[in-house]
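Novice: Quick check, what structure comes out for this input:
(2 chains)
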Amino acid sequence: MEQLYNSTIAAISTAMSNSGIGIVRMSGPEAFQIADRVYKGKKEKKLCEQQSHTIHYGYMVDGDQVIDEVLVMLMRGPHSYTGEDTVEINCHGGVYVVKRILELLIKNGARPAEPGEYTKRAFLNGRLDLSQAEAVGDLIASQNEYALQSSVSQLKGNIKDKIGEMREKILYHTAFIETALDDPEHISVDGYGETLKKVVDEIIEAMKRLLDSCDDGRIIKEGVRTVILGKPNAGKSSLLNVLLGEDRAIVTDIAGTTRDVLEEHLNLKGISLNIMDTAGIRDTEDVVEKIGVDRAKEYADKADLILYVIDASRPLDENDAEILHLIKGKRAIILLNKSDLDMQVKKDQEELPEEFPVIEISAKNVEGIGELEDTLKEMFFQGELTFNDEIYITNVRQKTALQDAYAALERVNDSIAADMPEDFYSIDLMDAYEALGNITGETIGEDLVNEIFSKFCMGK
Amino acid sequence: MRYSANSVWENKDKYDVVVIGAGHAGCEAALATARLGFQTLVFTVSVDSIAMMPCNPNIGGSSKGHLVRELDALGGEMGKVIDRTFIQSKMLNKSKGPAVHSLRAQADKAVYSRTMRRVLEAQENLEIKQGEVANLLVEDGKITGVQTFSGATYHCKAVIICSGTYLKARCIYGDVSQYTGPNGLQAANHLTDCLKELGIKMYRFKTGTPARVDRKTVDFSKMEEQFGDERVVPFSFTTNPDDVQIDQASCWLTYTNETTHDIIRANLDRSPLYSGMIEGTGPRYCPSIEDKVVKFADKKRHQVFLEPEGLETDEMYIGGMSSSLPEDVQYAMYRSVPGLEHVKIVRNAYAIEYDCIDARQLKPSLEFRNISGLFSAGQFNGSSGYEEAAAQGLIAGINAARKLQGMESLVLDRSEAYIGVLIDDLVTKESHEPYRMMTSRAEYRLLLRQDNADQRLTEKGYEVGLISQERYDRLKEKERLIESEIERLKNAYVGTSEKVQELLESYESTPLNSGSSLAELIRRPELSYEAVADIDVTRPKLPEDLAEEVIGQVDISLKYDGYIQRQKRQVEQFKKMENKKIPEDMDYDAVNSLRIEAVQKLKEYRPVSIGQASRISGVSPADISVLLVYLSGNHR
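Specialist: Take a look at the predicted model:
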């Protein structure tokens, strides 16, 4: 079968967590050749020469360095999900290992897959039929409704905010130049290069910082962004410990995460949570504590879900009022802790807004946790809670797009330095704008089939 | 109610195409169909007003100049006529990049109009008829003819409406309002009703023009003289550049001042625009002086250009000060401008209101979606400007002819021509004001230069049948020479000889450390093809009639190569979407996942491609994705 695509793509197919096994998948005409470059089996075994639908034991190697012990599964097109030659590398789970293997494949000629690109290839290679394709349409339509409800939430998260800001600036200055070209009498672009250079330099700086953070892996996150709030000694940390305790949770310690707010990753009844324990909120003069409190507020602002822990053994005070004000309009669950003591705050307490579920718990006696889990699950399946889906592979893709945008802006600076006429700036400004739009999904100048399937999760 | 004549008679003469209106759109449309062999009848309310320029006395200008060059490359007439009738010419924006260089020529209005009329009169298969078309004859959704106000019926296979600003036209200044077309000409008051009965959605737009004044009453000593270019570049690729090096007339620049602005502000309540007397929407990009004073409140002055209306008249046009203020305010306002203190007004400034259509009812071929054989062009389609009109007129004429030939329509896309941008915008985007061409509307400007319009479009004009074999061969030869020169220069190396270094030094260019190709040297801003002539030992002698054009193209191609390549990549992305066609009988209701708003818009405007669909407001990227999946599935 003739293959529609020349490039070979690679992606991590399993969730980015420290599970037992991780799978990195590669599809495209060169999948076998690239695999051979990084695979070391017994007796100089070549994967290219092996039969389809066979499994091979060996090592992933980067030059002399062994990365991991692996099982490699070979599937030749058209008998694979995408219809192309496909290699699946089963390695040990763990964020670091799968990331390393993916990078190794990219270094050896593969390119990071766009979101949904596997499905797209499957579709274009005739591996999906009309009814399946229409189901895809339905799926996107449901996203549409969601987008209508909260277009803002689609753009949530630091990166998207920042990208949005950059795009806005670029658009503003492009529009200015364009307007000036059409109305030279009223708007002058003479010497505009200097003004523009300042702006471009600023954006380039911001991009650099973002690119650096990609390298740190600081933006590796998957799950519902959850923040625990409460006054000091309300029992926030005890709650976290209960949630993390026993066998019910897997703790991931992501290197490089900012630690001023404690961040843990856990899985409750199949739902991934990125959980952040914050400093207790109260009016304080202590400078260090104040920074912690401010930061807690900041995190609460960006959270998908807030767990508000109240010490129910004491009456509510003005600090509680402040927290209630803070969580207004957000997704939150109110937890009345210390149900083992004399309850001063009741479930039907007047001050507690009706919009939030209220659950009595005792972190100390591990009571009410089941109800919390059930409530969480219900919210999730009713669509009230959504994933923060900035998973790692998105970041490789984001990184590539960021680098494209970065290069385009450098060309703008080159044009300014070379004293090119102002109308030349906009070519590269628009390139940068479009590249950034690829990160946020706002660019539709790209091949539209990409656009469709980018609504999917990875690895499907 | 549609117009009903007292008595009706049938004209049995044979016509293929009827063109309604002989302005800039109508002339191009009629010439195109006649030249392609179809018997054409063009109606005008006044034979004396054929190709009249009721507003500014010039052709071209920023981005409009591009339209004229493109029109010429496709076989249109405007460029040739202005080359024969201009009295001053300038290449604008020369300090900017080649993409925004644009030609503008001052016309002798009367001579322009007369010359175009002679071209029409001399054209085989073309007849001119004075009269007002009042009704369209339509049977089973197909055009069959027209009926005039006098009751005469003419049968034909296609009709092209180019009614300009004449439909139910009303001219207004202050509280004075007359139901006339521009320049006091008779309005066309009946066609609108017929169009409405045919289910065509109408808009009412407004535009305006400044006063004309008596040259003898202008004090030019208080103004800056504006000269034409020393070396004039012709509009038409067929005009010999030597033929356009004429003695040129001058224009004059002066400015408004705070006094002018105070007079305007004090009388704003008497402006029909602000009093609500005018209901039509005016062009933001060609604003009246009262609009400018309001919009740019902090601007202390605005440019005013005095331009001759012709060589055989004393009338001058006051560019930059169109207005619909009352007569007495006009006198006060104009006379506050330096040099115009004692000016006598020959014709008052006025605003004009007229009926036009929502052009989204048209296909990209400019044929109505719901009435087969009915085409339209120009201000009737909601555009503004002579050049925009002429460009549409030519395309409508070509496509009417191609329909009768049973051929596919000529549709230019946004990456091929400003004409493509113009028509795509008109038939796709919602517009509530007269549409004016602007450079910023063209995404792929660097490829759509006025200097390469012939390379972009001559071949299409040739295929259509409006470009001669000789002209086509000349283009091919030019392209061959450009390509071979570029190849040669990329492979022609010079060393660090004394001669080379001396030459570089004479242009204040950095000396070479090691060998370099001549192409690399030409890329330097301070150097050019001509500059390196002395060290280019293998340079061939270029044919005299092509040398200038070839050299220009070689310079641009080499100097801006990187930018051109990047823009080409952007075009590739764009083309992917344009090439995904939507079947004409697409059933949008069958696509479950489209949002209701999107279904409505898509059903109403029936885009021809995914690309066009994506530009319709109300259709989101997600809708486009849904459509694309649906279409891919269908094709499998």
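
Novice: per the record, what domains does chain B have?
Specialist: Listed domain ranges for chain B are B:17-208+B:354-463, B:212-350, B:469-559, B:580-634 (source: the TED database).

Novice: Could you export the ones you listed as TSV, including mean pLDDT?
Specialist: Formatted as TSV, these follow (pLDDT from 0 to 100):
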stretch	mean pLDDT
domain B:17-208+B:354-463	96
domain B:212-350	93
domain B:469-559	95
domain B:580-634	82
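
Novice: May I see the ones you listed organised as CSV, with distance to chain A and mean neighbour count added?
Specialist: To be clear about C-beta, it is placed using only N, CA and C from the backbone, and glycine gets the same treatment. Output for those, formatted as CSV (distance: least, Cβ to the nearest Cβ, whole Å; neighbours: other Cβ atoms under 10 Å in any protein chain shown):
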stretch, distance to chain A, mean neighbour count
domain B:17-208+B:354-463, 4, 23
domain B:212-350, 5, 18
domain B:469-559, 7, 15
domain B:580-634, 3, 18
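
Novice: Any idea which of those gets closest to residue B:11?
Specialist: Set against residue B:11 and scored by Cβ to Cβ, the domains of chain B come closest in domain B:17-208+B:354-463, at 5.1 Å.

Novice: can you give me the offset of the closest one from its chain's centre?
Specialist: Offset of domain B:17-208+B:354-463 from its chain centre (Cα atoms, centre = their mean, to the nearest Å): 9 Å.

Novice: count of residues packed around residue A:359?
Specialist: Number of residues near residue A:359 (other Cβ atoms under 10 Å in any protein chain shown) recorded here: 20.

Novice: And for residue B:295, nearest residue in space, chain neighbours not counted?
Specialist: Residue nearest to residue B:295 in three dimensions, not counting chain neighbours: residue B:287, with 6.7 Å by Cβ to Cβ, 6 or more residues apart in numbering or on different chains.

Novice: pretty sure residue B:588 is touching residue B:602, no?
Specialist: Yes: with contact defined as Cβ atoms under 8 Å, residue B:588 reaches residue B:602; the gap is 4.9 Å.

Novice: anything in contact with each of those two?
Specialist: The overlap between the contact sets of residue B:588 and residue B:602 (Cβ atoms under 8 Å, 6 or more residues apart in numbering or on different chains) consists of residue B:594.

Novice: The domains of chain B: which one's closest to residue A:350?
Specialist: Taking Cβ to Cβ as the criterion, residue A:350 comes closest to domain B:580-634 out of the domains of chain B, the separation being 42.3 Å.

Novice: And the closest one, how far out from the chain middle?
Specialist: When distances are taken as Cα atoms, centre = their mean, domain B:580-634 is centred 30 Å away from the chain's centroid.

Novice: what helix or strand is residue 403 on?
Specialist: You didn't say which chain, so I picked chain A. When secondary structure is defined using DSSP states H and E, the element that contains residue A:403 is helix A:392-417.

Novice: Hmm, no, I was thinking of chain B.
Specialist: Assigned by DSSP H and E, residue B:403 falls in helix B:386-405.

Novice: okay, the first helix or strand past that helix going along the chain in PDB with CA atoms only?
Specialist: Scanning the chain past helix B:386-405 towards its C-terminal end, the next helix or strand to appear is helix B:418-428 (assignment: DSSP H and E). Once side chains and other backbone atoms are set aside, the C-alpha atoms of helix B:418-428 remain, and they are given as PDB (Å, rounded to 0.1, in the frame of the first residue of the first chain):
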ATOM      1  CA  TYR B 418      -5.500  41.200  -5.700                       C
ATOM      2  CA  ILE B 419      -8.500  40.600  -7.900                       C
ATOM      3  CA  GLY B 420      -8.800  37.200  -6.200                       C
ATOM      4  CA  VAL B 421      -8.700  38.900  -2.800                       C
ATOM      5  CA  LEU B 422     -11.200  41.500  -3.900                       C
ATOM      6  CA  ILE B 423     -13.800  39.000  -5.200                       C
ATOM      7  CA  ASP B 424     -13.300  36.500  -2.400                       C
ATOM      8  CA  ASP B 425     -13.800  39.200   0.200                       C
ATOM      9  CA  LEU B 426     -16.900  40.500  -1.600                       C
ATOM     10  CA  VAL B 427     -18.600  37.100  -2.000                       C
ATOM     11  CA  THR B 428     -17.500  35.700   1.400                       C
END
